[in-house]
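> Need a 3D model of the sequence below.
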Amino acid sequence: MTDENEERVWVARCLKGDASAFEPLVARYERALFAVALRLVANYEDARDVTQNAFIRAYEHLDSFDPQRRFFSWVYRIAVNESLNLRRARRPQEALGSELQAAGGQSEAIQAIEAHETTARVEQALGQLSEEYREVVVLRYFAELSYEEISHAVGVPEKTVKSRLFSARQRLAGLLGQKGDGKA
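Numbers count the residues shown, from 1 in each chain. Next up is the predicted model:
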């Protein structure tokens, strides 16, 4: 049985009242959704909340799922919407203070600052990409999806995914390179 057919069977079982049939769907996609949420909300606990809320919403609205589509594509969109809603609801919070408190010595504090600066630069560069470029980068490198899975999730051919990834990497390299050599 293919993954898509398995998913359809699990969804059908859920719709007939078998709540335990939702567990394999969560197990299969929890890591990928968490990775996407973490990149979008930039906070571990918030990403956990987003992931959990996405699965809750998916379960509650399972009757609106179109079995002709992949389950991941549908639940991915829910997770993205949950992430965006959370970002709109909360102001950006500076995490540097907690990182410094967790660092024991001065060299660890310096490493924490450098890691924070690197993360901030990458996050800023990702934020400058168009949504279609940012989406494929996050799905490929943070959610670790295959080109085929990304294709299904965003609804474009694999060739388009590869093209967007190539262009996004080029743009990211330029953005990060510009920051590194002091040019604006």
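
> Helices along this structure, start to end?
Under the criterion DSSP state H, the chain contains helices at 3-15, 23-41, 44-60, 71-89, 96-102, 106-128, 131-137, 147-154, 158-180.

> I'd assumed residue 144 was in contact with residue 32.
Yes. Counting by CB atoms under 8 Å, residue 32 touches residue 144, with 7.0 Å between them. (Glycine included, C-beta is placed from N, CA and C.)

> Quick check: residue 43 vs residue 113, distance?
For residue 43, the distance to residue 113 (CB to CB, to the nearest Å) stands at 18 Å.

> Residue 139: how many residues sit nearby?
25 (other CB atoms under 10 Å).

> Show the model's pLDDT score for it.
Note on residue 139: pLDDT of 84.

> That one is in contact with residue 145, isn't it?
Yes. Shown here, residue 139 and residue 145 form a contact pair, counting by CB under 8 Å, at 4.8 Å.

> Report the rounded mean pLDDT for stretch 15-24.
Mean pLDDT, stretch 15-24: 95.

> Now do it: distance from first to last residue.
15 Å (CA to CA, to the nearest Å).

> Pull out the buried residues from it.
Within stretch 15-24, the residues that count as buried by 16 or more other CB atoms under 10 Å are 21-22.

> again with stretch 29-48
Neighbour count says stretch 29-48 has 29-30, 32-43, 46-47 buried, by 16+ other CB under 10 Å.

> Quickly list the domain ranges of this protein.
What automatic domain parsing lists as the domains of the chain is 1-94, 105-184.

> Where among those domains is average confidence lowest?
Here these differ in mean pLDDT, and the lowest is domain 105-184 at a mean of 78.

> now it, how far from the centre of its chain.
Its chain's C-alpha centre and that of domain 105-184 lie 12 Å apart, by CA atoms, centre = their mean, to the nearest Å.

> Flag every buried residue along stretch 74-83.
So for stretch 74-83, counting by 16+ other CB under 10 Å, buried means 74-80, 82-83.

> before we move on, what about stretch 118-128?
With burial defined by 16+ other CB under 10 Å, the residues of stretch 118-128 counted as buried are 125-126.

> try stretch 158-172
160-161, 164-165, 168, 171-172.

> same deal with stretch 125-142?
Going by neighbour count (16+ other CB under 10 Å), the buried part of stretch 125-142 is 125-126, 129, 133-140, 142.

> Equivalent analysis for stretch 55-62, please.
55, 58, 62.
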